[in-house]
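Student: Just a sequence and a predicted model for now, questions to come.
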Amino acid sequence: MVHLVVGGAGYIGSHLVKKLCDSNENVIVFDNLSSGFKENVDSRAEFVKGDLLNKEDFDQIDGKIDSVFHFAALKAAGESMEQPEKYSENNITGGINLFNFAISKGVKNFVFSSSAAVYGYPKTTPLDEKHDTNPINYYGYTKLTIENILKWYSKLKGINFAALRYFNATGYDVEGKLRGKEINPLNLLPIIMEVASGQREKLFVFGDDYDTSDGTCIRDYIHVDDLSNAHIKALDYIKNNKNLIVNLGTERGYSVLDIIKLASLVVGKDLSYEVVSRRVGDPSELIASSQLALKNLGWKAKQDMNSILKTTWDVYN
């Protein structure tokens, strides 16, 4: 099979590409390198530099394509509230351009990198797929919009799709071969590692007065290796003319202070942090129910927090 991995030079995409290549699959990576790294693209994959907003860039892709994995999206929730036009173009228009191109090539199977941001504030936790979708930031809205477009394209064009709703993607390649760091990271783990490695002076903790055990937000962190395995299982599932919308998480939550304490043990030093005001739009607790993924895909997260922290520190150290 030939797989087109859009955003395959990025953080999650590059890990999937490696797994596909390890299984002797044919892979084409399509990426504009705005946040990805060419050196992260497996040498066994074909690389095409292109942008979803430039339709002529698709002309570089020749031959038959059996499946599309779509990772290429802007993901900063705060920025999406300040620059919705930027997120509309990249995440929505870019997605439509990709789908239209792929359908013109006869592609039937699409695996989409969605987000738990489609849910908004959780009414219950662990949060399952029956929960209302009510995004509280424009980023989450763009993800939900693409899910809805895929539903319509499935009805009208006969495609099969999986929308995988991630929680907090973390960790690095367990074999240590992928080492490209995120540029200007906004998530907790890479920021902690930048503090530990001296790239930042300290970490800011946004609020310690939430209704949790230590007052800081609780989140579900999932290793990128587990995410990659879920994508492959999702593709196998939808090949049988089925669609799937499913959460991917560990069903276990860690508070911000939990992560700081555990990380300090891994890096061998105390980590400097300062508690500041809450951020708008941060729920106190967000944990996934992944029972549907277990039922339909036979998938369950295997990597634990120790693996997440060690593989991340190996890259930043």
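Tutor: Ah, there it is.
Student: Strands of the stretch 151-300 of the chain, residue ranges please.
Tutor: Along the stretch 151-300 of the chain, the segments classed as strands by DSSP state E, counting those that start in this stretch run 160-166, 168-170, 203-206, 218-219, 221-223, 244-248, 254-255, 273-276, 285-286.
Student: Which neighbouring elements make contact with the helix-or-strand element of the chain with minimal mean pLDDT?
Tutor: Least confident helix or strand, the chain: helix 77-82 with a mean of 90, by mean pLDDT, DSSP states H and E. Packing partners of helix 77-82 (3 or more Cβ pairs under 8 Å, 6 or more residues apart in numbering; DSSP states H and E): helix 84-87, helix 138-157. For glycine as for every other residue, the C-beta is placed from the backbone atoms N, C-alpha and C.
Student: Can you tell me the SS state at residue 110?
Tutor: Classification of residue 110 using DSSP: H, G, I helix; E, B strand; the rest coil returns strand.
Student: That one against residue 66, yeah?
Tutor: No. Residue 110 lies out of contact with residue 66 (Cβ atoms under 8 Å); the separation is 11.0 Å.
Student: neighbour-wise, which of those two wins?
Tutor: residue 110 (25 against 17; other Cβ atoms under 10 Å).
Student: Would you enumerate the residues in contact with the more buried one?
Tutor: 67-68, 70, 99, 102, 150, 159-162, 238 (Cβ atoms under 8 Å, 6 or more residues apart in numbering).
Student: Any chance of CSV for those, columns pLDDT?
Tutor: Converted to CSV, the contacts of residue 110 look like this (pLDDT from 0 to 100):
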residue, pLDDT
67, 98
68, 98
70, 98
99, 98
102, 97
150, 98
159, 97
160, 98
161, 98
162, 98
238, 98
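Student: circling back: pull out the CA atoms of the least confident helix or strand of the chain and give them to me as PDB.
Tutor: Extracted C-alpha coordinates of helix 77-82, given in PDB (Å, rounded to 0.1, in the frame of the first residue of the first chain):
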ATOM      1  CA  ALA A  77      -5.600  27.300  21.100                       C
ATOM      2  CA  GLY A  78      -4.700  30.800  22.300                       C
ATOM      3  CA  GLU A  79      -3.500  32.000  19.000                       C
ATOM      4  CA  SER A  80      -6.600  30.600  17.300                       C
ATOM      5  CA  MET A  81      -8.700  33.000  19.300                       C
ATOM      6  CA  GLU A  82      -6.600  36.000  18.200                       C
END
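Student: in it, what's buried?
Tutor: Buried residues in helix 77-82, defined by neighbour count with 16 or more other Cβ atoms under 10 Å: 77, 79-80.
Student: likewise stretch 170-183?
Tutor: Within stretch 170-183, the residues that qualify as buried are 170-174, 178, 180-182, counting by 16+ other Cβ under 10 Å.
Student: My read is that residue 161 contacts residue 114, right?
Tutor: No. Counting by Cβ under 8 Å, residue 161 does not reach residue 114; the two are 10.3 Å apart.
Student: In what element of secondary structure is residue 3 found?
Tutor: strand 2-6 (DSSP states H and E).
Student: partners of that strand, with directions?
Tutor: Sheet pairing for strand 2-6, assigned by DSSP bridges, gives strand 26-31 (parallel), strand 67-70 (parallel).
Student: Beyond it, next helix or strand please.
Tutor: Strand 2-6 is succeeded, C-terminally, by helix 11-22 (DSSP H and E).
Student: what comes up buried for stretch 289-303?
Tutor: Those would be 289-290, 292-293, 297, 299, 301, 303, for stretch 289-303 by 16+ other Cβ under 10 Å.
Student: ugh, typo on my part, it should be stretch 96-114
Tutor: Neighbour count says stretch 96-114 has 97-99, 101-103, 105, 107-114 buried, by 16+ other Cβ under 10 Å.
Student: ends of it, how far apart?
Tutor: 15 Å (Cα to Cα, to the nearest Å).
Student: quick one: it to chain centroid distance?
Tutor: Between the centre of stretch 96-114 and the centre of its host chain there is 18 Å, according to Cα atoms, centre = their mean, to the nearest Å.
Student: Grab the two from the buried residues of stretch 96-114 that are most spread out in space.
Tutor: Greatest spatial distance in these: 105 and 114, 22.6 Å, computed using Cβ to Cβ.
Student: out of the buried residues of stretch 289-303, who's nearest residue 274?
Tutor: Nearest to residue 274 among the buried residues of stretch 289-303, with distances taken as Cβ to Cβ, is residue 303, at 29.9 Å.
Student: pretty sure the closest one contacts residue 172?
Tutor: No. The criterion here is Cβ under 8 Å, and residue 303 misses it with residue 172 at 10.5 Å.
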